[in-house]
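1. need a structure here:
(one chain, ligands or ions: 1)
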Amino acid sequence: MKDVVEEFDLIIVGGGPAGLTAGIYAGRQGMKTIILEMMIGAGSGYMVPLMENYPGFNLISGKDLLEKMRKQAEKRVPIANMEEVKEIIKNDLGHVIVKTSNCTYKTKSVIISTGSRHRRLKVPGEVDFVGRGVCYCATCDGPLYPEKDVVVIGGGNAAVQESIYLKSLGCNVKIIHRRNKLRAEKYLQEKLEESNIPIIWDSIVEQINGDKNVDNVILRNVKTEKTNKLSIDGIFIAIGEEPLSKVAQNAGVEVDDHGYVNTDKFQRTNIPGLYAAGDITGGIKQWVVACAEGAVAAISAYNDTID
Ligand code: NAP
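-> So this is what the prediction gives:
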């Protein structure tokens, strides 16, 4: 094991909305804190095209809002980049050891805010064509498809939001949804209707085909069982998320059946000194909720360790 390079009061793992808000609060509380980030600009928050429901902003992109939060956090708390956390160990002396790809840190408390990642469709061709027509982020990859035929898979907020954004970029968009009803919020459904984006209902993608790049998908109507081939240039998969909780689980933190970290209302996990905040805790995945959980976690860490 590498030697401990530095000791902290609090280490925040993950620099998304929850982690950055925790950093803003911890810095103000005077806790010696560091935020460890795997890669700058890689979290799912950066991929949100435009938000209309973050208080104080009529319209803002995930990237712009995160950059504002980052600047605010950095006033008092350092953010270390390219620091993938490999292991979190609570030792017998009550300290927590955090091992990253570069360093070993010692701390009194850790807030785990590693978020979630896009769920995979798990159909033949998906893995083969990633980066060659299979996409998970309209903000990142949409600009590659103006005037091209693309489909968005899913019926939730993300699928609707991404398809409206793709249409605004000039893509010929269709939504493919496995049921005959969307689960996206009403306001987004109304915007979708206004945008005249067609929806292929009751259908699932069975296979993604192509040569160099994606060329078509095989669809199956789950009611009629009929299959058909749809020619496309790109497929955007927006079917929900799964938690990035492996490090937390390896540390002994309790999770639910889907891998989301269980916390109490103070964001404490089952292990004293370890807290969790944001999408990794499941529940309502909204920016304001993630920020609120980050604030609560930082205040709890302070209250639990103050002499
Ligand atoms: P979501 O709300 O869980 O919706 C996932 C969608 O994908 C559902 O329509 C689901 O179908 C479909 N789906 C799931 N697995 C599938 C599969 N294997 N094959 C085909 N379709 C599948 O996920 P999300 O839209 O990514 O949103 C994730 C979270 O972020 C939610 O809590 C959401 O509210 C939040 N979010 C909020 C906003 C916003 O506030 N504007 C924007 C984006 C995301 P069924 O409907 O049949 O289950």
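2. OK, contacts around the residue in the chain positioned nearest to the ligand?
-> The ligand sits closest to Gly156 of the chain, with a gap of 2.4 Å, by C-beta to the nearest ligand atom. Heads up, the C-betas are built off the backbone N, CA and C, glycines and all. Going by C-beta atoms under 8 Å, 6 or more residues apart in numbering, Gly156 touches Leu182, Arg183, Ala184, Ala238, Ile239, Gly240.
3. make it 7 Å
-> For Gly156, the contact set (C-beta atoms under 7 Å, 6 or more residues apart in numbering) comprises Arg183, Ala184, Gly240.
4. wait, isn't the last one in contact with Arg117?
-> No: contact status for Gly240 versus Arg117: not in contact, 10.4 Å apart, counting by C-beta atoms under 7 Å.
5. Just the helices from the stretch 151-300 of the chain, written as ranges.
-> Residue ranges of the helices in the stretch 151-300 of the chain, as given by DSSP state H, counting those that start in this stretch, are 157-168, 186-194, 246-250, 287-305.
6. CA atoms only for the third one - export them in CSV, please.
-> What follows is the C-alpha trace of helix 246-250 in CSV, where atoms were taken according to Å, rounded to 0.1, in the frame of the first residue of the first chain:
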residue,chain,number,x,y,z
LYS,A,246,-19.3,-1.0,-6.5
VAL,A,247,-16.7,0.9,-4.4
ALA,A,248,-19.4,1.6,-1.8
GLN,A,249,-20.5,-2.0,-1.7
ASN,A,250,-17.0,-3.3,-1.4
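7. Mind listing residues that contact it?
-> Helix 246-250 is contacted from outside by Val85, Glu87, Ile88, Ile112, Thr114, Val255, Val261, Ala276, using C-beta under 7 Å, 6+ apart.
8. Same list (these) but as CSV, adding neighbour count.
-> Shown next, in CSV, are those (neighbours: other C-beta atoms under 10 Å):
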residue, neighbour count
Val85, 22
Glu87, 13
Ile88, 24
Ile112, 31
Thr114, 27
Val255, 20
Val261, 26
Ala276, 29
